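J.: Got a predicted structure plus its sequence, pasted below:
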Amino acid sequence: MIDAKAGNGNEKLVVEIVGAHNLMPKDGEGSSSPFVEVEFENQRLRTQVKTKDLNPIWNEKLVFHVIDVNDLRYKTLEISVFNEKRSSNSRNFLGKVRVLGSSVGREGESVVQLYTLEKRSLFSHVRGEISVKHYVTTMAEKGENLYRVNGSGGSKKSKKVQNLSSSMAIQQQQQQQLQIALHNHNRGSQQHNGQGQRMLPFYPNQSEIKPLVITALPGPMPGPIPGPGPGPFVYSNGSSEFSLKETKPRLGGSSGGVGGSSSHKDKTSSTYDLVEQMQYLYIRIVKAKDLSVSGEVVSEVKLGNYRGVTKKVSLNSNNPEWNQVFAFSKETIQSSVVEIFVKEGNKDEYSGRIWFDISEIPTRVPPDSQLAPQWYKIESRNSSRGGGELMVSVWFGTQADEAFAEAWHSKAGNVHTESLSSIKSKVYLSPKLWYLRVSVIEAQDVSIMDKGSGLMRFPELSAKLQVGNQILRTAISPANPTRSFSNPYWNEDLMFVVAEPFEDYITVIVEDRVSGGAMGGQNDVGVGRVQIPVAAVERRTGDQLLGSRWFCLENGKNNINNRFGSRIHLRLSLDGGYHVLDEATMYSSDVRPTAKELWKPQVGLLEIGILGATGLMPMKVRAGKSGGTADSYCVAKYGPKWIRTRTFVDSLCPKWNEQYTWEVYDPCTVVTIGVFDNARIDGNNNNSLDARIGKVRIRLSTLETERVYTHSYPLIVLHATGVKKTGELHLAVRLSCGNSVNMLQMYTLPLLPKMHYTQPLGVHMLERLRYQTLNAVAARLSRAEPPLGREVVEYMFDHDFHVWSMRRSKANFFRLVNVISGLVAVAKLVEVMRGWTKPVWSTVFVVVFLFMVLFPEFILPCLFLYAAAVGVWRFRKRPRHPPHMDARVSHAETVFPDELDEEFDTFPTSRGFEAVRMRYDRVRSIAGRIQMVIGDMASQGERAQALLSWRDPRATFLFLVFCLVAAVGFYIVPVKLTVAVFGLYYLRPPRFRRKLPSRGLSFFRRLPSRADSLL
């Protein structure tokens, strides 16, 4: 596979057509005159014609220009074999092969591969195989014969190749000599630049058959390319390393174009139109009968170098049953036969086998039903058919097949048996969460604990409530002269998070603090308790109050002479009108209330195709491998639905090609996709945590409906050592709109449900409830199979976004500066007009000002018309790509090491004394500046209040005289004239101004404030 490196535009794709055998005769005389035509990125090349040869040998190289080697894995190489008919100037189809770009290797790493020719249509008669070798090289081919075929093939093109073939053969020796000379010259130049190593000249083997080389000229890219050179579309506000790139994958088996928009779409992938079609060979081994073995028995599937083994089954009734499915990627098939062996569990030698020819295996086309398994006779080792029967079904399919999710994949052959369940793709659902409101009103006849000294004391009574692992306490009941000591009064609301199904209990304990100390300590003694099941609590969908109830308290004393029992007054409700916030509101994926009857209708559909990733950072090192590797999987979360792709084992460039769908109820929501490394692959790391590789957030409101976005998103992670790019995630995203009116109407509705505004929750309470929500979701998902760890849930929820960070503070400050930059620009423009450095523009500005003063009814229409014109003008330059994680906006590229160390510090801190003191002093200095700004703002407000407060009697007297004169003046003088005079006075030329402050401003600055009253 090609490494993810930045292409320089000099890479060449070399396709070496070695030969073919057992081709179909098509000339009517029992033979064929075959030639091979290869198409790649609108470049089409062909080989020579081999007359009357059903087993031709070409040994020809076809060289194609590669625009960007990073996009090669998303391209497809079409290899077609034709028979040339000289009499009718036409050709017959002999077969084709489709090679994915991901299977193309580097020069020196690829080997000759044998492909079975495929049919072009249902009525094609095809047989035979073709041997091809393909690789990418960066060495420029010198002295090559250039020939390009743009049509579909005909007599004129065939004759051109034939006429050129003789001249090519004659000039071949001269070209090879020229290549030798250039190669030795290049090596000689490298010798002077090297480290003193002697470079030997290159001489070809004279006995070796030299292939004919045909290359294609670089063709134009299908679409506009920004920038001077070829490459993918790049959208960046900063470094290109962290930029967003547009890709053009082959989606849904289409013949080209973004998003599979071609009408000739393969039916086998019609339901997977946002991912690349992946062909698999499926083998289902159901059961066996009449076996001539004893003990435990297993079945082994062998396909080339890949082997899959079923589980061991005890042979009690001579009819073992496995019912297991094996999936082999078609691009890795290097054999023409698939074999299934039957073995005894403790022996290496097989007792029988069956085999299938790859070319005879059928292809299943969904939505057809699954292929029915059949009984096949087992051949024993001596080639006799007496070893029993095996029920097997074999077919070719795609990832849309139902057996894909539960199949054993050939690329997971090294995974421990106990860890196979942790690599499968799954869909999870978050539990349905409710806010539980408990209003603790009062208690009556509470038994008060005595100190034993005989002295009277005031009881310090409080109520402790526990739901699951959530514990909350009320304040100590204050003293009230109208109430008895044994009748405390609290009237506090406590909120909890509970999940369906309701299995917890509400435990209410009234405690008395006997010996002082902190609340909740060992000195708190329970004087009564009651347990209430959550399932018995009444639900409400609005802000209406429910009835309260009295509950009897149990104090543990079995005194039957007690005439009165302790009781507590509670109001309980499950508030379904709230949305249980599990994420921050700024990038929440769901804002619906808990109660389903309050949901708005669905407005659209979100479809995401998770194609793959490139250039992932190695996360682990395995024995026997020189470099690092990763076992990566993706997790996407939108609303209550979580998806997890299968784990791609031992690869830094995984290809998942899985598609998922979500219902959209609000377009102003965010979907989050994260990439993780699976730490449970090896079987002995069950307690290990999955490492985070990176995540992407996409706001749905920034997407155009019915458009497929295919981009590679940079995976950016902030470590204690700095920001790092850990790879690129390739996604295909489409937002479909079911009802445009409903979607537009959502923009006029409140973001959160009604109860968030009628009975708002405090900021501190929301933070605590969000943490409890995180615990509830993580506990539920960690019990699934395969489990979704708490570390995954925390990273997807971004649970630590509220923690102090100097980097985030800088980022938010500069965001605010960017927001007010428009107002600053307007103020600067007015100052330029006042400066009269451009007299013409200043004169026009004054004329416009006077026009607005004379006709004020045009002010608002002109402002709205200007805003509409700006919006229409900016429509041409509107963003054509979704936003992504921006390292520049996050100030991750310019952060200091000490700031990063502070951001990754624990809470409370675990750093040394000197580091904590330095950071504390830095926070003090920043807080001191903020304190000065706040103090200046308070002083200006107090001066405005001092105008009429008579703190400075002379200043107040002058202000009152000014108000009386201004009242008479503004009554006599028209408002338009007043505004015009003040405007002209403000815009007067600099020569008519003085540099001192105005009298009004000087008077305001002299007013007193309370700053002189501070200590």
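T.: Looks like it arrived, so ask away. Numbering: from 1, shown residues only.
J.: Show the contacting residues for the closest residue to Ser486 other than its chain neighbours.
T.: Using C-beta to C-beta, 6 or more residues apart in numbering and skipping the chain neighbours, the partner closest in space to Ser486 is Val446 (4.9 Å). Placement of C-beta: from N, CA and C, glycine included. Neighbouring residues of Val446 by C-beta atoms under 8 Å, 6 or more residues apart in numbering: 459, 461, 486-488, 510, 512, 527-528, 553, 566.
J.: where's Val446, which helix or strand?
T.: Assigned by DSSP states H and E, Val446 belongs to neither a helix nor a strand.
J.: Just flag the most distant two among the contacts of Val446.
T.: Spatially, the most separated pair among the contacts of Val446 is Pro459 and Leu553, at 14.5 Å (C-beta to C-beta).
J.: okay, those two: which has more neighbours?
T.: Neighbours per residue (other C-beta atoms under 10 Å) separate Pro459 from Leu553, with Leu553 holding more: 22 against 19.
J.: roughly how far apart are the more buried one and Leu494?
T.: 17 Å (C-beta to C-beta, to the nearest Å).
J.: who's the spatially most central residue of the chain bridged to?
T.: The C-alpha lying nearest the average C-alpha coordinate of the chain belongs to Ile673 (C-alpha atoms, centre = their mean; 2.4 Å). Beta bridges link Ile673 to Ala636, Val696 when assigned by DSSP bridges.
J.: can you pull the contacts of it?
T.: By C-beta under 8 Å, 6+ apart, the neighbours of Ile673 are 608, 610, 634-636, 695-698, 729, 731.
J.: and with 7 Å instead?
T.: 634, 636, 695-696, 729, 731 (C-beta atoms under 7 Å, 6 or more residues apart in numbering).
J.: for Met746, same thing?
T.: 603, 666-667.
J.: Including distance to Ser294, pLDDT and secondary structure, could those go into JSON lines?
T.: Below are the contacts of Met746 laid out as JSON lines (distance: C-beta to C-beta, whole Å; pLDDT from 0 to 100; DSSP: H, G, I helix; E, B strand; the rest coil):
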{"residue": "Val603", "distance to Ser294": "64", "pLDDT": "92", "secondary structure": "coil"}
{"residue": "Asp666", "distance to Ser294": "64", "pLDDT": "92", "secondary structure": "coil"}
{"residue": "Pro667", "distance to Ser294": "65", "pLDDT": "92", "secondary structure": "coil"}
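J.: helix or strand for Ile568, which one?
T.: In the assignment (DSSP H and E), Ile568 maps to strand 567-575.
J.: ok, now Cys862?
T.: Using DSSP H and E, Cys862 falls within helix 859-874.
J.: Now that helix - C-alpha only, PDB.
T.: C-alpha atoms of helix 859-874 as PDB (Å, rounded to 0.1, in the frame of the first residue of the first chain):
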ATOM      1  CA  ILE A 859     -31.900  55.200   7.500                       C
ATOM      2  CA  LEU A 860     -33.300  51.700   8.400                       C
ATOM      3  CA  PRO A 861     -34.200  50.800   4.800                       C
ATOM      4  CA  CYS A 862     -30.700  51.700   3.600                       C
ATOM      5  CA  LEU A 863     -29.100  49.700   6.400                       C
ATOM      6  CA  PHE A 864     -31.100  46.600   5.600                       C
ATOM      7  CA  LEU A 865     -30.600  47.000   1.900                       C
ATOM      8  CA  TYR A 866     -26.800  47.300   2.500                       C
ATOM      9  CA  ALA A 867     -26.800  44.100   4.600                       C
ATOM     10  CA  ALA A 868     -28.800  42.300   1.900                       C
ATOM     11  CA  ALA A 869     -26.400  43.500  -0.800                       C
ATOM     12  CA  VAL A 870     -23.400  42.300   1.200                       C
ATOM     13  CA  GLY A 871     -25.000  38.900   1.700                       C
ATOM     14  CA  VAL A 872     -25.700  38.500  -2.000                       C
ATOM     15  CA  TRP A 873     -22.100  39.600  -2.900                       C
ATOM     16  CA  ARG A 874     -20.600  37.100  -0.500                       C
END
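J.: Now do the SS call for the nearest residue to Asn323 once chain neighbours are set aside.
T.: Among residues not flanking Asn323 along the chain, Val286 sits closest, at 5.4 Å (C-beta to C-beta, 6+ apart). Under DSSP: H, G, I helix; E, B strand; the rest coil, the three-state class of Val286 is strand.
J.: Contacts only, for Val286.
T.: With C-beta under 7 Å, 6+ apart, Val286 has these contacts: 321-323, 373, 391-392.
J.: if you set the cut-off to 8 Å instead, what comes out?
T.: 321-323, 373, 391-393.
J.: Tabulate the residues you listed (TSV), appending neighbour count, distance to Gly871 and pLDDT.
T.: Putting the contacts of Val286 into TSV (neighbours: other C-beta atoms under 10 Å; distance: C-beta to C-beta, whole Å; pLDDT from 0 to 100) gives the following:
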residue	neighbour count	distance to Gly871	pLDDT
Glu321	13	67	85
Trp322	19	64	87
Asn323	12	61	87
Pro373	16	63	91
Met391	19	67	92
Val392	20	64	94
Ser393	18	60	93
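J.: Kindly reformat the residues you listed as CSV containing secondary structure and distance to Glu129.
T.: Conversion of the contacts of Val286 to CSV gives the following (DSSP: H, G, I helix; E, B strand; the rest coil; distance: C-beta to C-beta, whole Å):
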residue, secondary structure, distance to Glu129
Glu321, strand, 36
Trp322, strand, 32
Asn323, strand, 33
Pro373, coil, 28
Met391, strand, 30
Val392, strand, 24
Ser393, strand, 25
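J.: any chance of those in CSV, plus distance to Phe982?
T.: Below are the contacts of Val286 laid out as CSV (distance: C-beta to C-beta, whole Å):
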residue, distance to Phe982
Glu321, 95
Trp322, 92
Asn323, 90
Pro373, 93
Met391, 96
Val392, 94
Ser393, 90
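J.: which of those lies closest to Ile930?
T.: Taking C-beta to C-beta as the measure, Ile930 lies nearest Asn323 of these, at 68.2 Å.
J.: pretty sure the closest one is touching Thr310, no?
T.: No. Asn323 is beyond contact range of Thr310, at 9.2 Å (criterion: C-beta atoms under 8 Å).
J.: Can you pull the residues that touch both of the two?
T.: With C-beta under 8 Å, 6+ apart, Asn323 and Thr310 have common neighbours Ile285.
J.: ok, and for the helix or strand where Val18 lies, which residues are buried?
T.: Assigned by DSSP H and E, Val18 belongs to strand 12-21. Of the residues in strand 12-21, those buried by neighbour count under the rule 16 or more other C-beta atoms under 10 Å are 12-20.
J.: same thing with stretch 949-969?
T.: Going by neighbour count (16+ other C-beta under 10 Å), the buried part of stretch 949-969 is 951-952, 955-956, 959.
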